[in-house]
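1. Show me the folded form of this:
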Amino acid sequence: MKSLQQVLRTACAVIGLSFAAPSMAIDLPFWNLPGFPAPSTCSVAPTTGIGSFNGTLAVVPVGISGRWYSLHVPPGLTPGQKVPLLIDLHGAGESEDLAEYQTGWSPYANQKKFIVAYGQALGTVVGGTFWNAYSEHGNDEQYLRDVIEHVSAKYCIDAKRVYVEGFSNGGVMAQRAACDMADTVAAVASHAGATPTMLGAACNPIRPIGVMMSAGDVDPTQFTQYDEQARAMWIAKNGCSTSPVSSSDSYGTTDSHGGCSGGVRVDWRILTNTTHQWPLGAGQTDLHDRIWNFLTSHTLP
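-> Model prediction:
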């Protein structure tokens, strides 16, 4: 990876000028600079880390001191072909490797050929970790931006297909990403998460953004009024129709709100006989399909 200093030194040598290095080190990869293309080659090597439930996570430190994420890169990616990036956010008191196990996103990514980064929240509450989802432009926004940049520097990520999905407190954080990161994130999905504005922080996305929300019909931890507030908020912010297209199946019911600005959509999914958890078995596969189909129907403008 060439640094800015190396690029400038080479350019000066070509035109016969001397180059004096600045006193402050500059080590940005040159493809992040205006006018420079992305690297022509990027890694397609699958992750083979150990210590995770699926044995396929690579634990990677990022720019913010003391923070990291875990990465799953599926086998069989086509060299040079850009793929979507899904960032999964665990619930309060949990961890990134537990999220991989609970959600089942890694095996699903193997089938659909996309990369998954599992974020790790800080230990900010008594008894465990917690995403800072109830603050506008909080510290976790920069962390997520660092993760996206870090993954994109090595792997062929399609910048128009970066998605954030989360469970419980992670689901609230996914919605916070929709509020604060609509310049980078194409769409989000929140499972069993309430509204990011419930403690008073504003939500001001710079554009309409697709949001899918799902929850169990017997979830004892999520207050219905906050879930409904989140639904109403995204319908209003995206200028969607308040009269949804409704459908039912053996796993639950869906209200899909169309007619939104920018061609986005807001979906509301209630899972039958489901508590505060990710569904298992066929129900999990069904939710995977619905979330992934929703997310990938949206691209960054």
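2. Contacts only, for Lys82.
-> Going by Cβ atoms under 8 Å, 6 or more residues apart in numbering, Lys82 touches Cys156, Ile157, Asp158, Arg161. For glycine as for every other residue, the C-beta is placed from the backbone atoms N, C-alpha and C.
3. So which of those is surrounded by the most neighbours?
-> Ile157 (22 neighbours; other Cβ atoms under 10 Å).
4. who's in contact with the nearest residue to that residue once chain neighbours are set aside?
-> Spatial nearest neighbour of Ile157, chain neighbours left out: Leu85 (4.8 Å); criterion: Cβ to Cβ, 6 or more residues apart in numbering. Going by Cβ under 8 Å, 6+ apart, Leu85 touches Phe114, Ile115, Val116, Ala117, Ile148, Val151, Ser152, Ile157, Asp158, Arg161, Val162, Tyr163.
5. got it, and Thr242?
-> With contact set as Cβ under 8 Å, 6+ apart, Thr242 has these partners: Ile235, His257.
6. Return the alpha-carbon coordinates of stretch 143-154 using PDB.
-> Output of stretch 143-154 as PDB, limited to C-alpha atoms (Å, rounded to 0.1, in the frame of the first residue of the first chain):
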ATOM      1  CA  TYR A 143     -16.600   3.300  14.600                       C
ATOM      2  CA  LEU A 144     -18.900   2.000  11.900                       C
ATOM      3  CA  ARG A 145     -17.400   4.300   9.400                       C
ATOM      4  CA  ASP A 146     -13.900   3.000  10.300                       C
ATOM      5  CA  VAL A 147     -15.100  -0.600   9.900                       C
ATOM      6  CA  ILE A 148     -16.500   0.200   6.400                       C
ATOM      7  CA  GLU A 149     -13.300   1.900   5.400                       C
ATOM      8  CA  HIS A 150     -11.100  -0.800   6.800                       C
ATOM      9  CA  VAL A 151     -12.900  -3.700   5.100                       C
ATOM     10  CA  SER A 152     -13.100  -1.700   1.800                       C
ATOM     11  CA  ALA A 153      -9.400  -1.100   1.800                       C
ATOM     12  CA  LYS A 154      -8.700  -4.800   1.400                       C
END
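7. how close does Ser241 get to Leu144?
-> According to Cβ to Cβ, to the nearest Å, Ser241 stands 30 Å off from Leu144.
8. between those two, which one's more packed in?
-> Each of Ser241 and Leu144 has its neighbours counted (other Cβ under 10 Å); Leu144 has more, 26 against 13.
9. Which helix or strand contains the more buried one?
-> helix 139-154 (DSSP states H and E).
10. For that helix, which residues meet the burial criterion?
-> Within helix 139-154, the residues that qualify as buried are Asp140, Glu141, Tyr143, Leu144, Arg145, Val147, Ile148, His150, Val151, Ser152, counting by 16 or more other Cβ atoms under 10 Å.
11. In a markdown table: those residues, plus distance to Asp286 and pLDDT.
-> Below are the buried residues of helix 139-154 laid out as a markdown table (distance: Cβ to Cβ, whole Å; pLDDT from 0 to 100):
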| residue | distance to Asp286 | pLDDT |
| --- | --- | --- |
| Asp140 | 29 | 94 |
| Glu141 | 31 | 95 |
| Tyr143 | 31 | 93 |
| Leu144 | 27 | 95 |
| Arg145 | 32 | 95 |
| Val147 | 28 | 94 |
| Ile148 | 28 | 95 |
| His150 | 32 | 91 |
| Val151 | 28 | 93 |
| Ser152 | 30 | 94 |
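12. quick check, nearest of these to Ser168?
-> Checking the buried residues of helix 139-154 against Ser168 with Cβ to Cβ, the nearest one is Asp140 at 14.8 Å.
13. what stretches of this structure score poorly on pLDDT?
-> The model of the chain has pLDDT under 70 over residues 1-40, 49-58, 63-65, 124-127, 222-225.
14. what's the longest strand in it?
-> Criterion DSSP state E: the longest strand present in the chain is strand 157-167.
15. That one pairs with which strands, parallel or anti?
-> Next to strand 157-167 in the sheet, as set by DSSP bridges, lie strand 83-89 (parallel), strand 187-191 (parallel).
16. Mean neighbour count, those: which tops it?
-> Comparing the strands paired with strand 157-167 by mean neighbour count (mean count of other Cβ atoms under 10 Å), strand 187-191 comes out on top with a mean of 30.
17. so how far is that one from its chain's centroid?
-> Relative to the chain's own centre, strand 187-191 is displaced by 8 Å; criterion: Cα atoms, centre = their mean, to the nearest Å.
18. now swap in stretch 150-164 and tell me
-> Worked out by Cα atoms, centre = their mean, stretch 150-164 lies 10 Å from the chain centre.
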